[in-house]
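Trainee: Here's my sequence, what's the structure:
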Amino acid sequence: MDPLSDMLSGIRARGASLCEASLSPPWTLRCADGASLTMVTVLDGGASLLPSGGPTLTVGPGDTALVRGPAPFRLVDASKERTSLVMGGYQSARGRHDRLLDTLPPALVHREESDDVLWLASARDALERRDRPGGQALVDRALDMGLVCTLGCWFEREGANAPAWYRGTRDPVVGPALDAIHEHLDQAWTVGSLAARAGVSRAHFATRFTEVMGQTPLGYLTEWRMYTAEELLAEPDAGVARVADAVGYSDAAAFSTAFKRLRGMSPREFRRRATAVVPGSG
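Mentor: Residues are numbered from 1 along each chain as shown. Modelled structure (predicted):
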């Protein structure tokens, strides 16, 4: 499993909002629902995207915009013709979602190729079936598909400006090791065993990984284990021993020591805070 797939597996939509609108000029939409990430695809016409505190971006026919929340933003008519668009939002984020969002600018526009918008057919079908049994699940999956397609294409076109973890997936030495880490995080990985996955010597692997990723193999492994542990600890019934085993530590004590060193609190304290009921949230 590559890093992007792993991050996206942690942010699958639950009860996603997805709507299609057809707007006659002049029009303005103010989006203030507090979504952590909003996706807007213009089908026909055009819009100007005014993110909070950022430059104005143009979204043309077939383009998809991603806007990081929770700050509100506006969409303003930028066409003399009727504008049709599809908009979806993710309402919450944590763990892997946060790490993915941190690699994105406040707002971006992906200029679509004709084969990049296959997800729109699924989105339209989901909207038509939304009131039927299973309709919400279809909406959620349509939004997920759109997010995967947009992010994958955008990172690919960013090239050298893409995050290190994305560039690493394309590297013949680093890529196999990243796949191994993200597919089997519970394994007792060493630099030697990761180098074996890559089919190179231990020294060459360690040097190449650090060059591409900007950190050592074990540094990356530990960092990802902590992100995953945070998500698991946020589940009220997740015991520390079970979380330790899931993220590759031999026992709860070793995991607790590493977690406290890197997060500044014990796993139990983190779980207590993560599962606390926030006043007004329910």
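Trainee: Report the buried residues of stretch 38-48.
Mentor: Neighbour counts over stretch 38-48 (16 or more other C-beta atoms under 10 Å) mark 38, 39, 40, 41, 42, 43, 45, 46, 47 as buried. C-beta coordinates here come from the backbone N, C-alpha and C atoms, glycine included.
Trainee: cool, stretch 23-37 as well?
Mentor: Those would be 23, 29, 31, 35, 36, 37, for stretch 23-37 by 16+ other C-beta under 10 Å.
Trainee: What's the mean pLDDT across stretch 62-73?
Mentor: Taken as a whole, stretch 62-73 has an average pLDDT of 90.
Trainee: Any chance you could list what contacts stretch 245-258?
Mentor: Applying C-beta atoms under 8 Å, 6 or more residues apart in numbering, the external contacts of stretch 245-258 come out as 185-189, 221-222, 225-226, 228-229, 232, 240-241, 243-244, 266-267.
Trainee: In helices, which of those residues fall?
Mentor: 221, 222, 225, 226, 228, 229, 232, 240, 241, 243, 244, 267 (DSSP state H).
Trainee: got a list of what the last one touches?
Mentor: In this case it means residue 267. Each residue near residue 267 by C-beta under 8 Å, 6+ apart is listed here: 229, 233, 240, 243, 255, 256, 259, 260.
Trainee: Go again with 7 Å.
Mentor: Going by C-beta atoms under 7 Å, 6 or more residues apart in numbering, residue 267 touches 233, 240, 243, 255, 256, 259.
Trainee: What is the nearest of the residues you listed to residue 105?
Mentor: Distance to residue 105, by C-beta to C-beta, is smallest for residue 233 among these, at 29.8 Å.
Trainee: so which strand or helix has the nearest residue to that closest one once chain neighbours are set aside?
Mentor: Spatial nearest neighbour of residue 233, chain neighbours left out: residue 271 (4.3 Å); criterion: C-beta to C-beta, 6 or more residues apart in numbering. Per DSSP states H and E, residue 271 falls inside helix 267-274.
Trainee: can you give me the mean pLDDT across that helix?
Mentor: For helix 267-274, the mean pLDDT works out to 89.
Trainee: Let's see if you can find the most crowded of the ones in helices among the contacts of stretch 245-258.
Mentor: Tallying neighbours with other C-beta atoms under 10 Å puts residue 229 at the head of the ones in helices among the contacts of stretch 245-258, with 28 neighbours.
Trainee: Out of the buried residues of stretch 38-48, the closest to residue 83 would be?
Mentor: Of all the buried residues of stretch 38-48, residue 45 has the smallest distance to residue 83: 2.9 Å, by C-beta to C-beta.
Trainee: wait, doesn't that closest one sit right on residue 75?
Mentor: No - counting by C-beta atoms under 7 Å, residue 45 stays clear of residue 75, with 11.0 Å between them.
Trainee: Going by residue numbers, what spans are helices in the stretch 101-250 of the chain?
Mentor: All helices of the stretch 101-250 of the chain, identified by DSSP state H, counting those that start in this stretch, fall at 119-128, 135-158, 164-169, 174-183, 191-198, 202-213, 217-233, 240-246.
Trainee: Could you check how far the shortest one is from the centre of its chain?
Mentor: Its chain's C-alpha centre lies 14 Å from the corresponding centre of helix 164-169 when counted by C-alpha atoms, centre = their mean, to the nearest Å.
Trainee: Pull out the buried residues from it.
Mentor: 165, 166, 167, 168, 169.
Trainee: I'd say the first one and residue 3 touch.
Mentor: Yes - when contacts are counted by C-beta under 7 Å, residue 165 is listed as touching residue 3 (4.4 Å).
Trainee: Spit out the contact partners of residue 99.
Mentor: Contact analysis of residue 99 by C-beta under 7 Å, 6+ apart lists 7, 227.
Trainee: That one - that's part of a strand, no?
Mentor: No - assigned with DSSP: H, G, I helix; E, B strand; the rest coil, residue 99 falls outside any strand and is helix.
Trainee: Include distance to residue 71 and mean pLDDT when you put the helices of the stretch 101-250 of the chain into a markdown table, please.
Mentor: Output for these, formatted as a markdown table (distance: least, C-beta to C-beta, whole Å; pLDDT from 0 to 100):
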| stretch | distance to residue 71 | mean pLDDT |
| --- | --- | --- |
| helix 119-128 | 25 | 78 |
| helix 135-158 | 19 | 85 |
| helix 164-169 | 25 | 93 |
| helix 174-183 | 31 | 96 |
| helix 191-198 | 40 | 97 |
| helix 202-213 | 31 | 97 |
| helix 217-233 | 24 | 93 |
| helix 240-246 | 33 | 95 |
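Trainee: Many thanks, I have nothing further to ask.
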